[in-house]
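Asker: fold the following and give me the result.
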Amino acid sequence: MDDITLKGHQPQKRTLFKSDREWVYRIPSLFYDSDKKIFMAFAEQRETVDDSSTKHLVLKTGTLKGESTGVRTIEWSELKVVEEAHLDGHRPMNPCPVYEKTSKTLFLFFICVEDGVSESDQISSGCNKARLCYITTEDGGQTWSGVTDLSDLPDIKRWATFAVGPGHGLQTESGRLIIPTYAYASPFTSICCISCFCAVPHALALCSNDKGSSWHFSKLIETKSLECEMAEVSDDHVYCNARSEGGYRVEAIDTGAGFKTLPSAKKLVETGGGCQGSVVSFPALSEGATADSSQNKWLLYTHPSDQSNRINLGVYLNKSPQDPNAWSKPWIINSGPSGYSDLAYIEDGWFACLMECGAQKYTEQIACEVFHYSQVEKVCRVSKCCYLM
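Answerer: All right, here's what the predicted structure looks like:
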C-alpha cells in the first residue's frame, strides 16, 4: 500500500455498541478470521458501569470491504447475545477468543463469576468465586457449543481470584494456543478464609499444546502485573504486555523457559491506577509497506497515552520487540476519553482497533477504527523514537 492510495484517507470510527439507559457496554474483544474474511467483535452487556452488573456477552460480526479500492472498511451485523456463554447463578465476563487454524475452530474463553460477588470481595476474602469457561464455534459465531468448564485445573484452587484477557489470545507458528491470564496468587488452597491481605496479581498464560484438547497454566510472571495481552515475535518467542498499578507497563518475554520481565525503558506509561491495553504482532514491513516474511515480526500496541487519566488512546510501534527502548511515540487514534481496546491485524499493513470511547466518558460506546501501518509509522519516522529498517 503506497502513500498515493492512502492520500486523504482519515480513519473513521464506527460505533458498534452504544450505551443507553438500559445497557452499558464495556470490555471490547476483537478477532479477525483471515480464512472467512470476517470480524467478530465481543463485549460485555451490563446494567450499569459496575463490573458486578454484567448480564451477557454480546457479538457483532463484520465483513471486510474495500480491497479493490485500496481503503479497508468493515460492514457490521446487528447485535446478538451469545446465550451459550452462561452458567446459572454466574455472570460472564472478559471475552477472550483464540483461533485454532487446523480445525478452524474459534474458542471463546471467558470467566463466570458468582452473582453478587465482586473481584475485590474475592481478593479480600481469599475465596475464589470465578470459573474458567469456553465455548466454541466453527461457523463464525452462527452456532456455538455448550460451555466447557476448566475450573478443576489445580492452579485455580490456589488463587484468590483470576481472569482471562480481556482481549484476544493467539496461536503460535508451532501450533501452541495461548490465552493471556492474570491471577491473584494466594497462600491458601480451596478453603475460604476470613481475611487475606497476601494475594498479589501476576500475569501468566493459559496454554494448549494439542489444539485445545487439554489446557495448562504457565508459571506466574514474577513482577506484579494484571490484565495482559501476548504476541508471538519470533519462533515461538512470546511477548507479554501487562497492566501495572501505576507508572509504566510491565513487559516480559518467554523464549521457552518461562516469562522474564524486561527492564522498563519508561516508554509505555501506565494510566492512573492502571488500564488494559492491547498488543499484536505482524510481519515486518519494508519501506513500501509490504510484508517481508524473511524478517521477524514487529509489534503494535494501544493504550491511553496520558499518565493520569484514561484519555487519548495511542498506537505505538516497536520494530525490535525484545527491546523496550524501541517503542515509538504514540499516534493518537482517539482524542478524549479512552478506555480498554483490542487490536486485530488484517493484512497488507491494515489493522482494526475496537475501543471504549466517548465525548464525556469512555463508557459511552465501543467503536471500531480501521487504519494502515503507514499512518503509525509516519509518527515514528518524525519522532525518530524507534529503529527504522
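Asker: any regions of the stretch 151-300 of the chain where pLDDT drops low?
Answerer: 186-197, 286-295 (pLDDT under 70).
Asker: and the strands in it?
Answerer: Counting by DSSP state E, counting those that start in this stretch, the segments of the stretch 151-300 of the chain that form strands are 159-164, 170-171, 177-185, 200-208, 216-217, 228-234, 237-242, 250-254, 259-261, 278-283, 297-304.
Asker: which one of these lies closest to residue 107?
Answerer: For residue 107, the closest of the strands of the stretch 151-300 of the chain is strand 177-185, at 7.3 Å, according to Cβ to Cβ. Backbone N, C-alpha and C define where each C-beta goes, glycine included.
Asker: now do that closest one against strand 250-254, angle only.
Answerer: 130 degrees (axes from the mean of the first three to the mean of the last three Cα atoms, to 10 degrees).
Asker: residue 348 is nearest to which of the strands of the stretch 151-300 of the chain?
Answerer: Nearest of these (Cβ to Cβ): strand 278-283, 9.8 Å.
Asker: send the alpha carbons of the closest one over as PDB?
Answerer: These are the backbone C-alpha positions of strand 278-283, laid out as PDB (Å, rounded to 0.1, in the frame of the first residue of the first chain):
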ATOM      1  CA  SER A 278      -3.800  -4.400  23.500                       C
ATOM      2  CA  VAL A 279      -0.800  -5.700  21.600                       C
ATOM      3  CA  VAL A 280      -0.500  -7.600  18.300                       C
ATOM      4  CA  SER A 281       2.500  -8.800  16.200                       C
ATOM      5  CA  PHE A 282       2.600  -8.600  12.400                       C
ATOM      6  CA  PRO A 283       5.100  -9.400   9.600                       C
END
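Asker: what packs against it?
Answerer: strand 228-234, strand 237-242, strand 297-304, strand 331-347, strand 350-357 (3 or more Cβ pairs under 8 Å, 6 or more residues apart in numbering; DSSP states H and E).
Asker: quick one: the first one to strand 250-254, angle?
Answerer: Here strand 228-234 runs at an angle of 40 degrees relative to strand 250-254 (the same axes, to 10 degrees).
Asker: got the contact list for residue 116?
Answerer: residue 52 (Cβ atoms under 8 Å, 6 or more residues apart in numbering).
Asker: secondary structure class for it?
Answerer: Taken by DSSP: H, G, I helix; E, B strand; the rest coil, the conformation at residue 116 corresponds to coil.
Asker: pLDDT at it, what is it?
Answerer: pLDDT for residue 116: 91.
Asker: okay, the helices and strands packed on strand 278-283 in a markdown table with distance to residue 267 next?
Answerer: Listed next are those as a markdown table, based on distance: least, Cβ to Cβ, whole Å:
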| stretch | distance to residue 267 |
| --- | --- |
| strand 228-234 | 16 |
| strand 237-242 | 12 |
| strand 297-304 | 10 |
| strand 331-347 | 14 |
| strand 350-357 | 20 |
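Asker: ranges for the helices of this structure?
Answerer: 3-6, 119-125, 373-383 (DSSP state H).
Asker: so for stretch 50-66, what gets flagged as buried?
Answerer: Using 16 or more other Cβ atoms under 10 Å as the test for burial, stretch 50-66 gives 51, 52, 54, 56, 57, 58, 59, 60, 61, 62, 64.
Asker: want to throw the strands of the stretch 151-300 of the chain into TSV with mean neighbour count?
Answerer: Output for those, formatted as TSV (neighbours: other Cβ atoms under 10 Å):
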stretch	mean neighbour count
strand 159-164	25
strand 170-171	20
strand 177-185	24
strand 200-208	22
strand 216-217	16
strand 228-234	24
strand 237-242	24
strand 250-254	23
strand 259-261	19
strand 278-283	23
strand 297-304	25
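Asker: can I get these in CSV including distance to residue 110?
Answerer: As requested, the strands of the stretch 151-300 of the chain are arranged in CSV below (distance: least, Cβ to Cβ, whole Å):
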stretch, distance to residue 110
strand 159-164, 7
strand 170-171, 17
strand 177-185, 10
strand 200-208, 12
strand 216-217, 17
strand 228-234, 15
strand 237-242, 19
strand 250-254, 23
strand 259-261, 23
strand 278-283, 17
strand 297-304, 21
